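S.K.: Dropping the sequence and predicted coords here.
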Amino acid sequence: MLQFFNTLSRTKEEFKPLREKTVGLYTCGPTVYDFAHIGNLRAYIFADVLKRVLLQNGYQVKQIMNITDVGHLTGDRDMGEDKIQKAALEKHKTAWEIASVYTEAFLDDIKQLNILLPDKLPKATDHIKEMIELIATLEKKGFTYRTTDGLYFDTAKLKDYGKLARLDLAGLREGARVEINAEKKNPTDFALWKSSPNPSTSSGQRRQMEWESPWGVGFPGWHIECSAMSVKYLGQPFDIHTGGVDHVPVHHTNEIAQSEAAAGKPLANYWLHSEFVIVNDARMGKSEGNLITLRELKDKGYSPLAYRYFVLQGHYRTKLNFTWEAMAGAQNTLDNLYSHLAEYAEPKIGCAEFERKFLDAINDDLDTPKALAVVWELLRSDYPGEAKLEALLKFDQILGLSLKDTWQELREPLPEEIQKLVQEREKLRKETNWDKADKVREQIRSLGFEIKDTERGPLVTRIPQR
Ligand code: AMP
Ligand code: ZN
């Protein structure tokens with residue numbers, strides 16, 4: 001049985017797709033104003049594992065991931081500056097250039113993490129028309145009101161507003177006495193359309209991204225893009241919507257409110273949320289000043305797939321504490337796993353017992369830590385290497401750790417010169433001649449090969465050319 005924890009019901013539910021074959025999956029994507037940090041990337045590794053699990057269960061998957069290139073403000077509740085516009089001013093680029101550069105960087109990151117490319121990556125700025133249409137429907141149905149800075153959604157008009165997050169609306173009202181936007185009728189109301197500030201009366205500069213609309217020149221609120229694009233590509237309702245936990249109280253709550261108000265039916269049936277990556281008890285984030293990018297990990301000698309392994313070691317609904325020690329541990333464990341592969345000749349037969357166990361773990365709300373435990377149990381078992389390899393390659397359809405490519409690479413004989421150097425280094429290490437051994441390692445490196453010491457001896461791989 002395939003089951004997921006649904007944030008809407010707060011229970012594990014058996015997955016029942018709307019259509020027989022193709023599952024519609026919407027993944028809240030990145031705001032492309034800077035490099036993604038490894039916390040952000042956890043959310044996409046999680047969505048990727050989910051997609052792979054669906055595929056492994058025989059479904060086809062249509063996955064849509066939005067690219068937020070306008071409207072996401074520095075404060076979640078419609079206050080602050082547009083993140084893209086702010087980055088453009090700081091970096092002396094146009095907003096369009098910023099969005100393009102960081103979209104490319106994001107695509108590069110997810111490729112290196114073996115994240116399967118979504119079927120579509122629609123940009124918010126390409127869907128202004130759809131957003132305006134949706135807002136117009138909401139206006140016609142009486143869910144909106146105007147303020148001096150735009151058009152807002154009146155959350156009091158929806159009787160089950162906040163159901164996803166079980167929001168305590170009375171408490172929020174109580175806590176919002178010092179609401180900065182005094183024109184809002186309720187603290188939870190949110191912008192559907194924001195007017196561009198008038199450059200002659202505001203200290204702000206003229207916006208680079210703005211459009212004509214029935215409510216004046218401006219730009220869309222952040223939440224409306226996901227409502228417009230998910231329904232355009234997946235229909236309403238669709239099966240599964242994913243994102244990080246921080247999206248539960250505001251972004252996803254508001255997506256649900258506006259989509260359900262407009263169409264009178266649910267937006268999605270299952271809502272899945274991944275927990276944060278934390279550092280010293282604080283969420284990893286730009287404003288916390290503690291973020292780490294994939295580039296920094298690589299500069300310190302860690303592979304993107306070791307980070308993927310690190311993420312898989314935790315269940316997606318628990319916080320993951322990032323430390324460099326833990327990262328080194330994940331890299332070692334992955335290298336050890338790879339070192340086993342070198343011994344296997346051909347994949348054959350498989351191990352039904354372990355394959356069952358693995359699938360049971362992963363189908364139970366994506367229990368990746370348990371699934372990895374099955375991997376190691378299999379490696380310790382008495383099954384022949386070829387059977388293990390067959391099973392491992394099946395597991396890797398979900399784990400995404402490049403086991404097949406690595407196995408093929410390790411099976412290729414090393415150039416003689418490298419073999420000799422590796423043997424020489426082993427000898428020097430036995431003689432505890434560490435300095436010389438390190439020099440040989442450098443020499444091997446300069447010839448394009450990486451040598452790593454695992455429990456099972458040296459693991460030599462080709463350094464990828466990037
Ligand atoms: P953003 O680009 O800011 O819209 O965020 C992209 C994704 O990263 C969202 O799904 C967030 O929920 C998620 N996210 C942000 N910070 C973290 C973190 N520290 N750990 C895990 N996920 C995060
Ligand atoms: Zn979204």
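M.R.: That came in fine, so what should we check first? Ligands and ions are numbered 1, 2, ... in the order given.
S.K.: so how far is I84 from R10?
M.R.: 35 Å (Cβ to Cβ, to the nearest Å). To be clear about C-beta, it is placed using only N, CA and C from the backbone, and glycine gets the same treatment.
S.K.: So what touches the helix or strand hosting R445?
M.R.: Here R445 is covered by helix 434-446, with elements defined by DSSP states H and E. Residues outside helix 434-446 that contact it (Cβ atoms under 8 Å, 6 or more residues apart in numbering) are 418, 421-422, 424-425, 428-429, 450-451, 460, 463.
S.K.: same thing but 10 Å
M.R.: The contact list for helix 434-446, computed with Cβ atoms under 10 Å, 6 or more residues apart in numbering, reads 414, 417-418, 420-431, 433, 449-453, 458, 460, 463.
S.K.: In the stretch 101-250 of the chain, which residue sits closest to ligand 1?
M.R.: Nearest to ligand 1, among the residues of the stretch 101-250 of the chain, is G244, at 1.9 Å (Cβ to the nearest ligand atom).
S.K.: can you pull the buried residues of stretch 300-310?
M.R.: Neighbour-count burial for stretch 300-310, counted by 16 or more other Cβ atoms under 10 Å, picks out 302-310.
S.K.: Quick one: those residues as JSON lines, columns for secondary structure, distance to ligand 2 and pLDDT too.
M.R.: Below are these laid out as JSON lines (DSSP: H, G, I helix; E, B strand; the rest coil; distance: Cβ to the ion, whole Å; pLDDT from 0 to 100):
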{"residue": "Y302", "secondary structure": "coil", "distance to ligand 2": "30", "pLDDT": "96"}
{"residue": "S303", "secondary structure": "coil", "distance to ligand 2": "30", "pLDDT": "95"}
{"residue": "P304", "secondary structure": "helix", "distance to ligand 2": "25", "pLDDT": "97"}
{"residue": "L305", "secondary structure": "helix", "distance to ligand 2": "27", "pLDDT": "98"}
{"residue": "A306", "secondary structure": "helix", "distance to ligand 2": "29", "pLDDT": "98"}
{"residue": "Y307", "secondary structure": "helix", "distance to ligand 2": "24", "pLDDT": "98"}
{"residue": "R308", "secondary structure": "helix", "distance to ligand 2": "23", "pLDDT": "98"}
{"residue": "Y309", "secondary structure": "helix", "distance to ligand 2": "28", "pLDDT": "98"}
{"residue": "F310", "secondary structure": "helix", "distance to ligand 2": "25", "pLDDT": "98"}
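S.K.: Out of those, the closest to R166 would be?
M.R.: Top of the list for closeness to R166, among those and by Cβ to Cβ, is F310 at 31.3 Å.
S.K.: Tell me which residues touch the residue nearest to the closest one when sequence neighbours are not counted, please.
M.R.: For F310, ignoring the flanking residues on the chain, the nearest one in space by Cβ to Cβ, 6 or more residues apart in numbering is A330 at 3.7 Å. By Cβ under 10 Å, 6+ apart, the residues touching A330 are 302-303, 305-313.
S.K.: still on that earlier bit, between R10 and I84, who's got more neighbours?
M.R.: More crowded of R10 and I84, by other Cβ atoms under 10 Å: I84, with 27 against 9.
S.K.: Against V70, how distant is that one?
M.R.: Noted for I84: a distance of 6 Å to V70, by Cβ to Cβ.
S.K.: Any chance you could list residues touching both of those two?
M.R.: 31-32, 95-96, 99, 124-125, 208-209.
S.K.: what subset of the residues you listed is also close to ligand 1?
M.R.: Among those, the ones lying near ligand 1 by Cβ under 6 Å from any ligand atom are T31.
S.K.: Take the shared contacts of I84 and V70 and write them to JSON lines, including neighbour count.
M.R.: Listed next are the shared contacts of I84 and V70 as JSON lines, based on neighbours: other Cβ atoms under 10 Å:
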{"residue": "T31", "neighbour count": "25"}
{"residue": "V32", "neighbour count": "27"}
{"residue": "A95", "neighbour count": "22"}
{"residue": "W96", "neighbour count": "15"}
{"residue": "A99", "neighbour count": "25"}
{"residue": "A124", "neighbour count": "28"}
{"residue": "T125", "neighbour count": "20"}
{"residue": "Q208", "neighbour count": "16"}
{"residue": "M209", "neighbour count": "22"}
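S.K.: what's the most distant pair in the shared contacts of I84 and V70?
M.R.: Longest span within the shared contacts of I84 and V70, Cβ to Cβ: T31 and Q208, 15.9 Å.
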